[in-house]
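[1] Just the structure for this:
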Amino acid sequence: MNAAGAGRDPPLRWWLHPRRLLACGLGLGLAPRAPGTCGTLLGVALFLPLAALPLPAYLALLLLLGALGTWICGRTAQELGRHDPSAIVWDEVVGFLTAMIAAPAGWVWILAGFALFRFFDIAKPWPVKAAERVRGGLGILLDDVVAGLLAFLVLQLLGLAFL
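    This is a model prediction of the structure:
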């Protein structure tokens, strides 16, 4: 049985537990429409101060956020009794931050990274679709990290072409 009981969504107060609150992107994943896109906006907000970090520090923090996300997403999904509920959006945060590794500075590049990440996350081309088959917390994050890596590659190629 899931946290809400027989197929129902849990009440809002259930999400106020710190782990669940992070898993749902501080509530953004509870949006009635496009929760993944809303969750990615938290990634943008986090990226703004993180963009100033030296690359090794950014990568170390990204690994930490990914490891944390594996646990918080896995536990929360388990409590809900679902593999990858749409309300869990911490994976979108980590995926977007992955897309933005060493991204060129400026809002144009942030918007491009956002659009590219959302495209790959929604379209789920190979290897994103293949990563989606992994179960548990790692599986919840893995497809978004792979989508982020594809967005990263395209963003870097665009940076080479236009800068």
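[2] And the helix or strand of the chain with the lowest mean pLDDT, what's buried?
    Taking mean pLDDT, DSSP states H and E as the measure, the chain has helix 128-131 as its least confident helix or strand, at a mean of 95. Judged by neighbour count (16 or more other CB atoms under 10 Å), helix 128-131 contains these buried residues: Val128, Ala131. In short, each C-beta sits where N, CA and C put it, glycine included.
[3] just stretch 117-135 next, same as before
    Within stretch 117-135, the residues that qualify as buried by neighbour count (16+ other CB under 10 Å) are Phe117, Arg118, Phe120, Asp121, Lys124, Val128, Ala131, Glu132.
[4] can you pull the pLDDT of the fourth one?
    The predicted structure scores Asp121 at 97 on the pLDDT scale.
[5] name the element it belongs to?
    helix 107-123 (DSSP states H and E).
[6] sorry, back to before: can I get the least confident helix or strand of the chain in PDB, CA atoms only?
    Extracted as PDB, the C-alpha positions of helix 128-131 are listed here (Å, rounded to 0.1, in the frame of the first residue of the first chain):
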ATOM      1  CA  VAL A 128      17.800   8.100 -22.200                       C
ATOM      2  CA  LYS A 129      15.000   5.500 -22.800                       C
ATOM      3  CA  ALA A 130      17.500   2.700 -22.000                       C
ATOM      4  CA  ALA A 131      18.500   4.400 -18.700                       C
END
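[7] give me the low-pLDDT residue ranges for the chain?
    1-8 (pLDDT under 70).
[8] which residues in it form helices?
    Using DSSP state H, the helices found in the chain span residues 18-23, 35-50, 55-80, 90-99, 107-123, 128-131, 136-162.
[9] Tell me which of these approaches Asp9 most closely.
    Of all those, it is helix 55-80 that lies closest to Asp9, at 8.4 Å by CB to CB.
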